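Colleague: Okay, sequence plus prediction incoming.
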Amino acid sequence: MHVPCGRMRRTIGVLVGLWLAMIGFPSVAQQAATRAVADADMTAASLQSAQAFRNAYNGLLDQYDQVYGQERDARGQAMVAKAKAAMQLVKNEDLAKVFSRSAPPDMAAATAAMQRLAALSHQEVQSKPLLKSLPFPSQPTVIDACNNTPHGDQITYDALIAFQVTSGVLAAAARVCNEDILGENGSAACIPLAIANDIASSFFSVRSFCAGLDTAATVIGSYDRLDHIHNDLSAAQTAITASETSATTAIANDINASTASIITNNNANTASIISTSNANTATIVNNANSNREQI
């Protein structure tokens, strides 16, 4: 459909050149014919670029559709189908007009990110549980929607890359979407671009939200665990202090009782020793006196 349009412009340019030559303006005729051929070639290149962009756009949507299919997200697949249907209504000429002021954006980074994301998403779906949070006691539960939506770090990052690319595409097109280009309004060509950007935005936002829930659950669970440990340590400290006080009192009582017993026993031994010593002294004295008398 696009090739005849280029040929028509080229033919018109040649006819204009012949007409100008017939009426006596050969140099002007040659310039007009050359300009017409150049314009036709430029238009053909623009149409080829527009078709390449269309293919890349559909390729990116195919990756989103694959991920939504893995996650059994019917709403997401419906949005992808809507975006594809809207793009089918746009002609390559309209896309060429939208990107007439700049080359069509490169979708390669977004497509590569979504291909990587699709592979990671499939792995996470096959290897549940999906949550990466540590099993802290009293950890808050995460909503089922997030449990069924892979949202690891790499997945969320790739979703962000794709979202940034679609946002850039829409921003580049938005400059001319609401303007009349060559007498025609190009806003219709921006409808599928806006839908694709909405898909990318929603896709990233959901995964970012779920990742935030995981982080919050881990933080709250950690806090609760620390609270449990603090309470356990406080109770243990109280028990140890009470046990230490009781043991100290018992030891002091034992020491006091032992001291009294030792003193009493010591006094008794001292008295016995003194008594024995006195008796022995008296015996010695008596013996000494007796021996002296005998001598």
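Modeller: Sure thing, it's come through.
Colleague: Give me the buried stretch members for stretch 88-106, please.
Modeller: Of the residues in stretch 88-106, Val90, Lys91, Asn92, Glu93, Asp94, Leu95, Ala96, Lys97, Val98, Phe99, Pro104, Pro105 count as buried by neighbour count, 16 or more other CB atoms under 10 Å. From N, CA and C alone the C-beta is placed, and that goes for glycine too.
Colleague: from those, which single one is nearest Gly69?
Modeller: Val90 (25.0 Å; CB to CB).
Colleague: before we move on, what SS does that closest one have?
Modeller: coil (DSSP: H, G, I helix; E, B strand; the rest coil).
Colleague: Leaving aside the residues adjacent along the chain, what's closest to it?
Modeller: In this structure, Val90 finds its nearest non-sequential neighbour in Ala189, 4.7 Å apart by CB to CB, 6 or more residues apart in numbering.
Colleague: what about that neighbour, neighbour count?
Modeller: By other CB atoms under 10 Å, the residues close to Ala189 number 26.
Colleague: Just to be sure, it is in a helix?
Modeller: Yes: secondary structure of Ala189 (three-state DSSP): part of a helix.
Colleague: And the helix or strand where Ser202 lies, what does it pack against?
Modeller: For Ser202, the host element (DSSP states H and E) is helix 191-294. Here helix 191-294 touches helix 26-70, helix 74-88, helix 144-147, helix 153-177, going by 3 or more CB pairs under 8 Å, 6 or more residues apart in numbering; DSSP states H and E.
Colleague: I'd like the mean pLDDT over the longest one, please.
Modeller: Averaging pLDDT along helix 26-70 gives 73.
Colleague: before we move on, the earlier item: among the buried residues of stretch 88-106, name the ones in helices.
Modeller: Members of the buried residues of stretch 88-106 lying in helices (criterion: DSSP state H): Asn92, Glu93, Asp94, Leu95, Ala96, Lys97, Val98.
Colleague: check contacts around the residue nearest to the fourth one when sequence neighbours are not counted.
Modeller: What that stands for is Leu95. Setting aside the residues directly before and after it, Leu95 is nearest to Ala50 in space (CB to CB, 6+ apart), at 3.8 Å. Ala50 makes contact with Asn92, Glu93, Leu95, Ala96, Phe99, Pro104, according to CB atoms under 8 Å, 6 or more residues apart in numbering.
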